[in-house]
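pasting the sequence and the predicted model now:
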Amino acid sequence: MELLLVRKYYRLGTNGSIYNSNEIICHSIELPWKGNQSGISCAPEGRYELVKRYSAKFKWHLMLMNVPDRALLLIHPANDALKELKGCIAPVSVLTGEGKGNASVNALKKLNALVFPILEQKEKVYLTIQSK
């Protein structure tokens, strides 16, 4: 499965939309681009394998593999990038501002419902990140 995250950079955050075969799954928020600096920058553009991951904090979510110079780059719920993210991607149902959105938990559930069955069949899922 190939997913596409198309995003636009703003001063206070990065907003995007995640697609599967030209159909929008959800929107996304991230930190602004700051040269791929860990903890303060959004993820670099590229193509990444997604894997299923569990943590006590975020429960079931996704992780991007082999991101250059980054570790634990996750897709997890958040509604305000500057307050809740440290370089990860948050799916949201509605974009409300630069790096801000609503109903992130619902958006992640929708994304997981699409991706997890594919991963459980031992098939690979990739996310390509690009700008508009």
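Okay, I see it. Residues are numbered from 1 along each chain as shown.

which one is the spatially most central residue of the chain nearest to, not counting chain neighbours?
Centroid check for the chain by CA atoms, centre = their mean gives residue 89 as the closest residue, at 3.2 Å. Spatial nearest neighbour of residue 89, excluding adjacent residues (CB to CB, 6 or more residues apart in numbering): residue 75 at 4.8 Å. (Each C-beta comes from the backbone N, C-alpha and C, glycine too.)

if I pick the residue nearest to the centre of the chain, what's in contact with it?
Residues near residue 89 by CB atoms under 8 Å, 6 or more residues apart in numbering: 5, 28-30, 42-43, 64, 73-76.

at 7 Å instead, please
28, 30, 43, 75 (CB atoms under 7 Å, 6 or more residues apart in numbering).

same thing with residue 54?
Contacts of residue 54 (CB under 7 Å, 6+ apart): residue 60.

about what we covered before: now, the contacts of residue 89 that are in strands?
Using DSSP state E, the members of the contacts of residue 89 that fall in strands are 28, 30, 75.
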